[in-house]
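S.K.: what would the 3D arrangement of this be:
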Amino acid sequence: MLSLGFSAGLPLLLVLGTLSFWLREAGIDRTTIGYLSWVGLAYAFKWVWAPLVDRMPIPVLTRVMGRRRSWLLMSQIAIMIGLVAMSFNDPKVALLPVVWGALAVAFGSATQDIALDAFRIESADMDRQAALAAAYQTGYRLAMIWAGAGVLWLAARAEVADTAGYQHGAWHFAYLVMAASMMPGVLTVLLSSEPLHRSLPPAKNAWDWLRGALVEPFADFVQRYRWQAVLILALIATYRISDVVMGIMANPFYVDMGYSKDEVAAVTKVFGVIMTLLGAFVGGVLSMRLGVMRVLMLGAALSAASNLLFAALSTRGHDLNGLIFVISADNLSSGIASAAFIAYLSGLTNVNYSATQYALFSSMMLLFPKFLAGYSGRYVDAFGYANFFVATALLGVPVLLLVWLTSRQNGSIKCT
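M.R.: Next up is the predicted model:
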């Protein structure tokens with residue numbers, strides 16, 4: 001699970017955060033970079049094809065390897081092919097091939113997530129699930145450091161000395177290394193045993209299959225919370241909106257402010273991840289002591305307020321100490337908010353539909369913010385970074401109201 005967690009965490013930044021840094025350095029305008037963030041919507045819609053991964057065999061491969069391992073291997077191969085395709089194409093010369101490669105990586109990564117969740121759950125009994133989850137999360141976080149800081153460090157080392165400006169060869173080398181970094185996960189799949197087959201009741205027809213996979217879990221949620229379900233769903237759909245919309249323009253902002261690859265790698269990708277983990281720990285402890293809803297409110301307020309620090313930083317130019325302070329505050333806030341939000345979502349699920357309902361909730365969490373984030377570059381081009389960061393902070397104000405209204409429903413929101 002450590003190795004497979006690494007394979008799961010590697011692709012995410014390579015088609016979102018790190019890619020936006022590469023594109024901006026290549027001279028791609030911010031409006032286009034914003035639109036290209038819609039590639040990440042693949043993660044928000046993975047519940048659509050999750051039932052196919054759960055039930056549909058892959059010809060020949062499933063017979064040889066089993067259902068879970070065959071889907072894992074196919075998705076990993078798709079990720080590697082996509083990363084190689086991205087590396088061989090220069091976005092400054094031809095952007096579309098890079099986009100197609102990023103789409104292949106995103107869909108392969110989302111499919112890997114689906115298959116990997118099932119593989120983990122079916123590979124051990126309940127007593128060992130916590131250990132598997134811990135190993136998975138450790139591998140995932142290590143991969144995010146490698147795909148965030150590592151790729152920037154590799155690109156910086158591969159640059160030709162005494163050659164100023166953008167160099168595609170450096171990014172070509174870095175993304176090839178990232179593709180090769182999927183190999184531990186591939187070898188793990190090949191050397192692992194297939195989990196015990198879990199028999200599923202056959203569906204009588206397409207509607208029966210759709211009802212069991214999607215309609216019944218959602219209907220159960222509506223029946224349990226009735227009219228308050230609208231309020232809860234509104235909160236789920238908007239809670240992370242300040243962070244998600246702001247995050248798309250973070251890397252272009254670093255490039256435009258003159259921060260080097262090494263500075264961004266060290267401060268935002270390594271130190272920032274550590275601060276996020278610290279925030280998640282603090283958020284978890286506070287949630288147990290103060291209650292989930294109070295920490296949910298705290299996380300929403302801090303996440304919105306930290307965006308104002310970016311607005312202040314945008315007026316200072318290249319300020320490394322300022323960047324360290326802002327990243328510390330922002331990632332700590334993000335960790336606190338994430339811990340409380342995960343606890344909140346988990347408390348909403350019915351154990352009979354836990355996997356499907358949690359997938360729906362987590363997808364809904366990303367859908368609207370990711371869509372809105374696609375226009376972030378256009379907003380920056382029109383009004384500048386300072387106004388953009390202030391606007392993303394203001395997006396968090398309605399979220400505070402939703403948390404307050406939801407917290408008043410003590411009789412229906414069990415996790416309070």
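
S.K.: alpha carbons only for contacts and neighbour counts from here, please
M.R.: OK.

S.K.: for the strand or helix carrying residue 400, what is the distance to the chain centroid?
M.R.: Assigned by DSSP states H and E, residue 400 falls within helix 397-407. Centroid separation for helix 397-407 versus its chain: 24 Å, with Cα atoms, centre = their mean, to the nearest Å.

S.K.: same thing with stretch 396-403?
M.R.: 22 Å.

S.K.: go on, stretch 9-27?
M.R.: With Cα atoms, centre = their mean, you get 13 Å for stretch 9-27.

S.K.: rounded mean pLDDT for it, please.
M.R.: Averaged across stretch 9-27, pLDDT comes to 91.

S.K.: for stretch 238-254, same thing?
M.R.: 91.

S.K.: need the CA coordinates for it. PDB is fine.
M.R.: Extracted C-alpha coordinates of stretch 238-254, given in PDB (Å, rounded to 0.1, in the frame of the first residue of the first chain):
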ATOM      1  CA  THR A 238     -18.900  25.200  -1.700                       C
ATOM      2  CA  TYR A 239     -16.800  24.500   1.400                       C
ATOM      3  CA  ARG A 240     -13.400  24.400  -0.300                       C
ATOM      4  CA  ILE A 241     -14.200  27.000  -3.000                       C
ATOM      5  CA  SER A 242     -11.700  29.600  -1.700                       C
ATOM      6  CA  ASP A 243      -8.800  27.200  -1.700                       C
ATOM      7  CA  VAL A 244      -9.600  25.500  -5.000                       C
ATOM      8  CA  VAL A 245     -10.200  28.700  -7.100                       C
ATOM      9  CA  MET A 246      -7.100  30.400  -5.700                       C
ATOM     10  CA  GLY A 247      -4.900  27.300  -6.000                       C
ATOM     11  CA  ILE A 248      -5.100  27.300  -9.900                       C
ATOM     12  CA  MET A 249      -3.300  30.600 -10.100                       C
ATOM     13  CA  ALA A 250      -0.800  29.900  -7.300                       C
ATOM     14  CA  ASN A 251       2.000  28.600  -9.600                       C
ATOM     15  CA  PRO A 252       1.600  31.200 -12.300                       C
ATOM     16  CA  PHE A 253       1.700  33.700  -9.500                       C
ATOM     17  CA  TYR A 254       5.100  32.300  -8.300                       C
END
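
S.K.: which elements pack onto the helix holding residue 400?
M.R.: Helix 397-407 is packed against helix 228-238, helix 292-313, with contacts defined by 3 or more Cα pairs under 8 Å, 6 or more residues apart in numbering; DSSP states H and E.

S.K.: go again using 6 Å as the cut-off
M.R.: Using 3 or more Cα pairs under 6 Å, 6 or more residues apart in numbering; DSSP states H and E as the contact test, no helix or strand touches helix 397-407.

S.K.: give me the contacts around stretch 293-313.
M.R.: 242, 287, 330, 333-334, 336-337, 340, 386, 389-390, 393, 396, 416 (Cα atoms under 6 Å, 6 or more residues apart in numbering).

S.K.: check the burial of residue 260 by counting its neighbours.
M.R.: 13 (other Cα atoms under 10 Å).
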